[in-house]
Structure formats: structure tokens, C-alpha cells
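Participant: structural data only, the sequence is not supplied:
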């Protein structure tokens, strides 16, 4: 039975509901997530997470999946949204989509991130980085100013 795999609509159904479950758990991991119920930044975060997950599957499967309904379902499962709140979430999703606020990652970037995560390489936090560059005085001794 382990060799039998889902195909066609059953594969899509399995992927979508698994994705909804994973995204719901990811939102619940956020500290004090309840206070972020209608926050557009949370909606954008969920959009980015869904986009990242969809980049891992084939293009044929990706074209058959409605991202907006996944995002609405995730937020509905987490917060138990009313119909008015769902319409506000839809407006946020439309705004995010219209303004291209979600950066698309290409296959090279996705592959690099996957390899880095497998090797345990993490990118350092820019706020903790210090610069070790030294300033060298100019040869003329005249300070450079821009006009």
C-alpha cells in the first residue's frame, strides 16, 4: 500500500488540505497570534508562505490550485472568521495581488534555499553584523563632497 500514490484530483485535494493544515499550524506558532486576526501583514505572511509551498510543486499542479481560497481557509480555520471578516480578507488578498507585494522566487533561489537548509547553513541576521572595513584617507587630503 505504500507504493500507491494519489493522482489527479485526489492528489490536488490531498496537497491542498495538507497545505492548509501546515499553514494553520504555522500561524498558530506566532506569539500572540490572536491579536493579529485582521492584520494585513499576517495575510501577506500567509500569502508568502503559500506561494513558497506552491513553488515546490509542479507547474501543472500549481495552475489547478486557487491560492486565494487556501489563504481564506487557513485564516478561517485559525480564527473562525465571519462572512464580513472573510470579505475583508478577500480585499486584503486582492490588494496584495494587485500591488505585486509577494516576491516570486525563481527555481535557482528555491534550490539554493533548499540546499542551505539541508546543510544547516543559516543566513545571519543583518542587525547583528558589524562592518570591519576601515576608512582610508584620500591621497590629496581634500574631503570629497557632493553637490
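Facilitator: Perfect, I can see it now. Every value quoted in this text rests on a predicted model; they were computed, and no experiment measured them. Residues are numbered from 1 along each chain as shown.
Participant: going by C-alpha atoms from here, please, whenever you check contacts or count neighbours.
Facilitator: Fine.
Participant: what bits of this protein have low per-residue confidence?
Facilitator: 1-2, 6, 101-118, 120-147 (pLDDT under 70).
Participant: redo that, cut-off 50
Facilitator: Counting by pLDDT under 50, the ranges of the chain that qualify are 123-141.
Participant: by residue count, which helix of it is the longest?
Facilitator: Determined from DSSP state H, the single longest helix within the chain is helix 8-28.
Participant: ok, residues contacting it?
Facilitator: Contacts with helix 8-28, where a contact means CA atoms under 8 Å, 6 or more residues apart in numbering, come from 5-6, 33, 46, 49-50, 53, 61, 64-65, 70-71, 73-75, 77-78.
Participant: now the buried members of these.
Facilitator: 46, 49, 50, 70, 71, 73, 74, 75, 78 (16 or more other CA atoms under 10 Å).
Participant: of the residues you listed, which is the nearest to residue 94?
Facilitator: residue 71 (11.6 Å; CA to CA).
Participant: how close does that closest one get to residue 3?
Facilitator: 31 Å (CA to CA, to the nearest Å).
Participant: also residue 61?
Facilitator: Distance, residue 61 to residue 3, by CA to CA: 20 Å.
Participant: wait, residue 40 touches residue 94, no?
Facilitator: No: at 11.2 Å, residue 40 does not count as touching residue 94 under the criterion of CA atoms under 8 Å.
Participant: give me the more crowded residue out of these two.
Facilitator: It is residue 40, of residue 40 and residue 94, that has more neighbours when counted by other CA atoms under 10 Å, with 17 against 13.
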